[in-house]
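Undergrad: here's a sequence, model it:
(chains A, B, C, D, E, F, G, H, I and J)
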10 protein chains.
Amino acid sequence: MLFKVEMDVNVPLDLEPAKFEALKAAERAYSQELQQSGQWRHIWRVVGRYSNVSIFDVADNGALHDILTALPLYPFMTIRVTALCRHPSSIRDDDR
Amino acid sequence: MLFKVEMDVNVPLDLEPAKFEALKAAERAYSQELQQSGQWRHIWRVVGRYSNVSIFDVADNGALHDILTALPLYPFMTIRVTALCRHPSSIRDDDR
Amino acid sequence: MLFKVEMDVNVPLDLEPAKFEALKAAERAYSQELQQSGQWRHIWRVVGRYSNVSIFDVADNGALHDILTALPLYPFMTIRVTALCRHPSSIRDDDR
Amino acid sequence: MLFKVEMDVNVPLDLEPAKFEALKAAERAYSQELQQSGQWRHIWRVVGRYSNVSIFDVADNGALHDILTALPLYPFMTIRVTALCRHPSSIRDDDR
Amino acid sequence: MLFKVEMDVNVPLDLEPAKFEALKAAERAYSQELQQSGQWRHIWRVVGRYSNVSIFDVADNGALHDILTALPLYPFMTIRVTALCRHPSSIRDDDR
Amino acid sequence: MLFKVEMDVNVPLDLEPAKFEALKAAERAYSQELQQSGQWRHIWRVVGRYSNVSIFDVADNGALHDILTALPLYPFMTIRVTALCRHPSSIRDDDR
Amino acid sequence: MLFKVEMDVNVPLDLEPAKFEALKAAERAYSQELQQSGQWRHIWRVVGRYSNVSIFDVADNGALHDILTALPLYPFMTIRVTALCRHPSSIRDDDR
Amino acid sequence: MLFKVEMDVNVPLDLEPAKFEALKAAERAYSQELQQSGQWRHIWRVVGRYSNVSIFDVADNGALHDILTALPLYPFMTIRVTALCRHPSSIRDDDR
Amino acid sequence: MLFKVEMDVNVPLDLEPAKFEALKAAERAYSQELQQSGQWRHIWRVVGRYSNVSIFDVADNGALHDILTALPLYPFMTIRVTALCRHPSSIRDDDR
Amino acid sequence: MLFKVEMDVNVPLDLEPAKFEALKAAERAYSQELQQSGQWRHIWRVVGRYSNVSIFDVADNGALHDILTALPLYPFMTIRVTALCRHPSSIRDDDR
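TA: All right, here's what the predicted structure looks like:
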């Protein structure tokens, strides 16, 4: 099942740089693992913001919640979830 | 260049059904042509709404404006455009 | 899968009363059929408004979209969908 | 009487982990006690957020206020209360 | 039980004056009957607006919904309901 | 003259408990003195929030400003003031 | 007593020009009469909008309500009222 | 040229009282000097808030910016500027 | 003096095409005349919307109001005006 | 390609003055370099705010993101990006 997930990251100004770098590295590894598995279908950066627009394809709502709350940067994120489904005009087999 | 485009359609309640069907058929044909050409990269339906979330990949801002204002349902739409770019964590070659 | 669905109904002031009654009867029959099948798990009225708060339990996002857009009063509704999942503190087996 | 209660939890980033765990355990125990008594009728998690959607069935407004302000996590919560009543189309005897 | 109810009235500009006067007379009679019975405890006009702030004291949520949706001007109203309870600092016996 | 005043209290999480208790006691004494004098006509608690809805009856705008800014909890409050006047349908002599 | 009053005028596109001119003339005459009497202390136009910012000095809230609802253009207006009082730094005797 | 300027002051709770008093004294002196020169035409307090509504009459936009950013309390302020002009119905020669 | 002016155009769906074309031609001629005179310094289209972002350079606030309210499409526009001034980092002599 | 970029700067009250001055000097140098290169086409100050309105002309979305996130004051900024294109009524060759 498909969801648009929008994540805004607000890191405190006094977060220790080494800790921040470690968190970003963990976030990237975690994201890429989920992209490999096909659950995190797309991720794009929003121009001018520390935000992304993503498309997830997950087994169910609970699976999405577990994935999102395990994000290394989750404590610093505001997340908006929108349920999507196939558009009748789509010609792409995998935009289901 | 990539853009997230969100379209909400609000058709007047008294729109003549035959005219509405013709508009929707034209919209679908127009959308599929742009999907074929690669400019309209993705389109999904928002659950419970007459709205879509789309990703466009166009030559420049002016090209996107021309595409959107030529949509057959454009007079009934509210459109929000967000500039996107490649996310450093993305593993998909075509999410650039 | 569980979703909170909030529906606000705005019927035009000049809607013909007989047509409105027919729509409300159809809406009620349709809702009760879905309640019987277990897909429309709960429905409550919001005090002082022509709105409801509902809980749906459906196979997937597409099923929810099909159910909602087939509501007899759908053309007069504004709908907000929120994806839910089981709360770790819940003691009710069927609030999954 | 029925109320939809929506709770968003915002815990400070520097809350001591042991204190946070103790608060969550107390919150769970308190919630389950009220679920057992029938006053906290339903609780669901909102996907991607530290938030819940709940349905309370209480004797009166004052009882609801006393229950909510005694939540162990209350100092970290933003709470929205919406008065509900039975929907005329409901077929469930206990959605009154 | 106590509720703050805020009502905004938006009457269409082309409502027939005689019909509007009849509706206002019916609204006044209905309001005064409920004030007499004690259910509509207070009503004030908001300066510069066709709006009121009211306090209701009703048996339960369902009673309030029935009262509000039977208002003669209800089809032209936007209504916001807020559940209240006794304030611990209040010295008035009847602000319970 | 009548005003609806809505007060939301946001006390910092690290406010010293003894200081907070002293402030609340002072707030209660101050409020009750103004209730006795008839200037603070009504006060109700908003269910689930550290907020109140109040009705003031004061000599003029300046008197209301002086009363509100002298509230012991004023530094922690967000206050919204709405000018009210007698409603033509009111039957209560003192809701003027 | 002083109030800031902000008025936005939204006249329907199909209002008959002669009727509109008559309304504007009546509005101007009414406004100037109140300016002469000292109750409508100031009026300014908001650049680029059919809106004004005004300062009223009236005996009480009820007087302001009566003045505003008698505006010839009132049926087309959205009005926001803000209670003001003398600022301690003011050096103008009449900004009381 | 005329501008409505609305200033909200949010001073941190832990601002040292002596420093706060010094800032307020400087603010008052600065404001009164500008009132004397005719550039700060009016200032009123908003009832119940640490906010003011002011009217400035300045040579140009740059002059207003320089005046506002030099306010002693500027670092604690949120400021909204609205361009005004003479209202055709005004009878006051100096509300130009 | 410089202002950012943002204009959104909402033309009724049933506006007669010939009348609409005439209005647009008049709008273009009027805009180009003001661009020639240097008062309408810049105009850009917002992608996907019938909106523009413009920079005006006018003698004073009143001149801007007169220009904007004389726009042929003014009755269909929502306009937002923001006062600008020279930025200390600007290197362009004419962005003053 | 053209973009309107609006930047609001919110610097913490306790930022060390020397560090703040250094950041501002770096910001100015960086901005002027980009103005020289033609990518930062315009910059104006918003009256009364620590905000600017800018026009960028960049090769693509990614270039804009890289420019903005490298701003020395970026960690203290909220940025809004709006895609623009040439307006059909523009007479300026370089407002493309």
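Undergrad: wait, A:Ile91 touches B:Ser37, no?
TA: No. If you go by CB atoms under 8 Å, A:Ile91 and B:Ser37 don't touch, sitting 11.1 Å apart. Backbone N, C-alpha and C define where each C-beta goes, glycine included.
Undergrad: ok, the two, which is more surrounded?
TA: Remark: of A:Ile91 and B:Ser37, A:Ile91 carries more neighbours, 14 against 9, as counted by other CB atoms under 10 Å in any protein chain shown.
Undergrad: what's the distance between the closest residue to A:Gly38 other than its chain neighbours and chain C?
TA: Nearest residue to A:Gly38, sequence neighbours excluded (CB to CB, 6 or more residues apart in numbering or on different chains): A:Asp57, at 6.3 Å. Using CB to the nearest CB, to the nearest Å, A:Asp57 is found at 11 Å from chain C.
Undergrad: ok, A:Asp57 - how many residues close by?
TA: Neighbour tally, A:Asp57, other CB under 10 Å: 18.
Undergrad: quick check, the longest helix belonging to chain A touching chain J?
TA: In chain A, assigned by DSSP state H, the helix with the most residues is helix A:17-37. No. On the criterion CB under 8 Å from any CB of the partner chain, helix A:17-37 is out of touch with chain J, staying 11.3 Å away.
Undergrad: so what's A:Phe3 bridging to?
TA: Beta-bridge partners for A:Phe3, by DSSP bridges, are A:Phe56, A:Ala83.
Undergrad: was I right to think it contacts A:Arg80?
TA: No. Using CB under 8 Å, A:Phe3 is not in contact with A:Arg80, being 10.2 Å away.
Undergrad: who's in contact with the residue nearest the centre of chain A?
TA: Nearest residue to the geometric centre of chain A (CA atoms, centre = their mean): A:Ser54, 5.2 Å. By CB atoms under 8 Å, 6 or more residues apart in numbering or on different chains, the residues touching A:Ser54 are A:4-7, A:40-44.
Undergrad: can you put the residues you listed in a markdown table and add neighbour count?
TA: Putting these into a markdown table (neighbours: other CB atoms under 10 Å in any protein chain shown) gives the following:
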| residue | neighbour count |
| --- | --- |
| A:Lys4 | 19 |
| A:Val5 | 20 |
| A:Glu6 | 18 |
| A:Met7 | 22 |
| A:Trp40 | 24 |
| A:Arg41 | 19 |
| A:His42 | 21 |
| A:Ile43 | 25 |
| A:Trp44 | 25 |
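Undergrad: could these be laid out in CSV, adding secondary structure and pLDDT?
TA: Shown next, in CSV, are these (DSSP: H, G, I helix; E, B strand; the rest coil; pLDDT from 0 to 100):
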residue, secondary structure, pLDDT
A:Lys4, strand, 98
A:Val5, strand, 98
A:Glu6, strand, 98
A:Met7, strand, 98
A:Trp40, strand, 97
A:Arg41, strand, 96
A:His42, strand, 97
A:Ile43, strand, 97
A:Trp44, strand, 98
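Undergrad: what's the closest of these to G:Arg28?
TA: A:Glu6 (50.0 Å; CB to CB).
Undergrad: test my guess that the closest one contacts A:Val53.
TA: Yes. Judged on CB under 8 Å, A:Glu6 makes contact with A:Val53 at a distance of 5.5 Å.
Undergrad: that older thread, pLDDT value on the residue nearest to the centre of chain A, please?
TA: If you check A:Ser54, the pLDDT there is 98.
Undergrad: that one and A:Trp40, how far apart?
TA: Using CB to CB, to the nearest Å, we find A:Ser54 at a distance of 6 Å from A:Trp40.
Undergrad: again with A:Ala25
TA: Relative to A:Trp40, A:Ala25 is positioned 17 Å away (CB to CB).
Undergrad: could you do A:Glu27 as well?
TA: Counting by CB to CB, the gap from A:Glu27 to A:Trp40 is 12 Å.
Undergrad: what parts of chain A come near chain D?
TA: Residues of chain A lying close to chain D by CB under 8 Å from any CB are A:3, A:5, A:12, A:61, A:64-65, A:68-69, A:75-76, A:79-81.
Undergrad: one more time with 10 Å
TA: Counting by CB under 10 Å from any CB of the partner chain, chain A comes close to chain D at A:3, A:5-7, A:11-12, A:15, A:56, A:58, A:60-69, A:71, A:74-81, A:83.
Undergrad: isn't A:Pro72 right next to A:Glu33, touching?
TA: No. Counting by CB atoms under 10 Å, A:Pro72 does not reach A:Glu33; the two are 11.8 Å apart.
Undergrad: who's more crowded, these two?
TA: In terms of neighbours (other CB under 10 Å), A:Pro72 is the more surrounded of A:Pro72 and A:Glu33; the figures are 16 against 12.
Undergrad: leaving out the residues flanking it, which one is nearest to the more buried one?
TA: Computed as CB to CB, 6+ apart, the closest residue to A:Pro72 that is not its neighbour in sequence is A:Ala26, at 4.0 Å.
Undergrad: cool, A:His42 as well?
TA: Computed as CB to CB, 6+ apart, the closest residue to A:His42 that is not its neighbour in sequence is A:Ile55, at 4.2 Å.
Undergrad: OK, contacts around the one you found?
TA: A:2-5, A:40-44, A:84, A:95, B:42, B:44, B:53, B:55, B:95 (CB atoms under 10 Å, 6 or more residues apart in numbering or on different chains).
Undergrad: how close does it sit to chain G?
TA: Relative to chain G, and taking CB to the nearest CB, A:Ile55 is found at 40 Å.
Undergrad: ditto for A:Leu71
TA: A:Leu71 sits 42 Å away from chain G, going by CB to the nearest CB.
Undergrad: ok, that residue touching A:Glu33?
TA: No. In this structure, A:Leu71 is not within contact of A:Glu33 by CB under 10 Å, at 11.8 Å.
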